[in-house]
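K.L.:
Any chance you could fold what I've pasted below:
(one chain, ligands or ions: 2)
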Amino acid sequence: MKIGIVVAEFNYDITYMMKEKAVSHAQFLGVDFEVVYVPGVFETPLATKVLLERDDIDAVAVIGAVIKGETDHDQVVAHQAARKLLDLSLEYNKPVALGIIGPNATREQATERIEEYARRAVEAAVKMVRRLNNIKE
Ligand SMILES: Nc1c(NC[C@H](O)[C@H](O)[C@H](O)CO)[nH]c(=O)[nH]c1=O
Ligand SMILES: CC(=O)[C@@H](O)COP(=O)(O)O
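P.N.:
Ligands and ions are numbered 1, 2, ... in the order given. The predicted structure is shown next:
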């Protein structure tokens, strides 16, 4: 099994640590992985789509942190990306796991969620590949 790990660089002080936890968990689970960096969460769907088109990629775990600003822009970024990522999963029949903190998260709240969200995304991606393979004809 090989998974893509798409990492948003925005809030990199947080997403770097998330990436480290995601990579560590993929290694613990014994799966191959390829890390792809994008500027921000809004760019994660396009990178995810390119990865899903590859025959050697079985799933994608998406890592990011959407921190509340002065406006509701964080809502736009997070909601649109999350919906598109789900659409891509259904379009390609491959798992896309959501490891994006927020929206409306403070930096403190995001920091508290680094490990949980990163590991959860990798765990879900790997579990879904295995379980979907078990139910396919
Ligand atoms: N505010 C956050 C962003 N914003 C940037 C967008 O994701 C995108 O990169 C930009 O609009 C250019 O297209 N991204 C995050 O990942 N997290 C944020 O809190
Ligand atoms: C979620 C973001 O893109 C964030 O940087 C927006 O900040 P603001 O709402 O102050 O424009």
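K.L.:
list the contacts for the nearest residue to Gly64 once chain neighbours are set aside?
P.N.:
Of all residues not flanking Gly64 in the chain, Ala8 sits nearest, at 3.5 Å (CB to CB, 6 or more residues apart in numbering). Heads up, the C-betas are built off the backbone N, CA and C, glycines and all. Going by CB atoms under 8 Å, 6 or more residues apart in numbering, Ala8 touches 15, 37-41, 43-44, 62-65, 100.
K.L.:
got the CA positions of stretch 75-87 in PDB?
P.N.:
Extracted in PDB, the C-alpha atoms of stretch 75-87 (Å, rounded to 0.1, in the frame of the first residue of the first chain):
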ATOM      1  CA  GLN A  75     -14.700  29.300   6.800                       C
ATOM      2  CA  VAL A  76     -14.400  29.600   3.100                       C
ATOM      3  CA  VAL A  77     -11.000  28.000   2.900                       C
ATOM      4  CA  ALA A  78     -11.900  25.100   5.200                       C
ATOM      5  CA  HIS A  79     -15.400  24.300   4.100                       C
ATOM      6  CA  GLN A  80     -14.700  24.500   0.400                       C
ATOM      7  CA  ALA A  81     -11.600  22.400   0.600                       C
ATOM      8  CA  ALA A  82     -13.200  19.800   2.800                       C
ATOM      9  CA  ARG A  83     -16.200  19.400   0.500                       C
ATOM     10  CA  LYS A  84     -14.000  19.100  -2.600                       C
ATOM     11  CA  LEU A  85     -11.800  16.500  -0.900                       C
ATOM     12  CA  LEU A  86     -14.800  14.400  -0.100                       C
ATOM     13  CA  ASP A  87     -16.000  14.800  -3.700                       C
END
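K.L.:
for that stretch, what is the average pLDDT?
P.N.:
Averaged over stretch 75-87, pLDDT sits at 98.
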